[in-house]
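Colleague: need a 3D model of the following:
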Amino acid sequence: MKKHSRFIPLALLGLPLAGSAVPAEMPAPRPLEGTWTLVYADVLHADGTRGHDYGDAPKGLLQIDRSGHYSLLIFDTTRPKFAAGDKSKGTAEEFRAAALGTSSHFGTVNIDVAAGTLAFHIEGATYPNWENTTQVRKYELSGDLLSYKVPPRANGDVPVSGWKRLGS
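Modeller: Presented below is the predicted three-dimensional model:
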């Protein structure tokens, strides 16, 4: 037993060194990292007028983490409730309003600050045609207000979204 006891103090000498090791560096914060609340979800019409894509008072949340994962939710707050109170018994009109009154997707996002673009790599979406696609948007960041334009629709309309960073 005495033979082993003289090695214990030597082993303990190494513990403070292990505890003082320099931690691995955290990735640098991304300029859009954080939680954002929806300010507007509008559409710029080809004739120059502006309308609301998700009603007059839409709600939404955008979250972007340090590693570039995101989730985005937009809801038209005037979507009608299902009269039957049971999702499986909704009418065609109720399902249409529910589908058209939401825009939600998640995945990863790359930000090109120099080009002023966001590239959403969509893994899942309420609109299945967007899944496994990449959508690029021009964005502007002014203080804690993020805005971006979606590429024009077939009819020339351009959706625009505005988000305010929470906690500011």
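Colleague: after the worst-scoring helix or strand of the chain on mean pLDDT comes which helix or strand?
Modeller: Here the helix or strand of the chain ranked lowest by mean pLDDT, DSSP states H and E is helix 7-19, holding a mean of 41. Using DSSP states H and E, the helix or strand that follows helix 7-19 towards the C-terminus is strand 34-44.
Colleague: what strands flank that next one, and is each parallel or antiparallel?
Modeller: Using DSSP bridges, the strands paired with strand 34-44 are strand 50-52 (antiparallel), strand 59-64 (antiparallel), strand 158-165 (antiparallel).
Colleague: for these, give me JSON lines that also has mean neighbour count.
Modeller: Heads up, the C-betas are built off the backbone N, CA and C, glycines and all. Output for the strands paired with strand 34-44, formatted as JSON lines (neighbours: other C-beta atoms under 10 Å):
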{"stretch": "strand 50-52", "mean neighbour count": "11"}
{"stretch": "strand 59-64", "mean neighbour count": "18"}
{"stretch": "strand 158-165", "mean neighbour count": "19"}
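Colleague: and L141, which of those strands is closest to it?
Modeller: Among the strands paired with strand 34-44, the nearest to L141 by C-beta to C-beta is strand 158-165 (9.3 Å).
Colleague: give me the contact list for that closest one.
Modeller: Outside strand 158-165, the residues that touch it by C-beta atoms under 8 Å, 6 or more residues apart in numbering are 34-44, 53, 60, 62, 74, 144-153.
Colleague: CA atoms of that strand as CSV?
Modeller: As requested, the backbone C-alpha atoms of strand 158-165 are provided in CSV (Å, rounded to 0.1, in the frame of the first residue of the first chain):
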residue,chain,number,x,y,z
VAL,A,158,-43.0,40.4,-53.8
PRO,A,159,-43.5,39.3,-50.3
VAL,A,160,-41.6,41.3,-47.6
SER,A,161,-41.2,40.5,-44.0
GLY,A,162,-40.0,42.6,-41.1
TRP,A,163,-38.7,41.2,-37.7
LYS,A,164,-37.7,42.9,-34.5
ARG,A,165,-35.1,41.3,-32.3
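Colleague: mind checking how far it is from the chain centre?
Modeller: With C-alpha atoms, centre = their mean, to the nearest Å as the basis, strand 158-165 stands 12 Å off its chain's centre.
Colleague: now that strand: average pLDDT?
Modeller: Strand 158-165 carries an average pLDDT of 97.
Colleague: for Q63, give me its contacts.
Modeller: 34-36, 70-72.
Colleague: please tell me how far it sits from A115.
Modeller: Q63 sits 23 Å away from A115, going by C-beta to C-beta, to the nearest Å.
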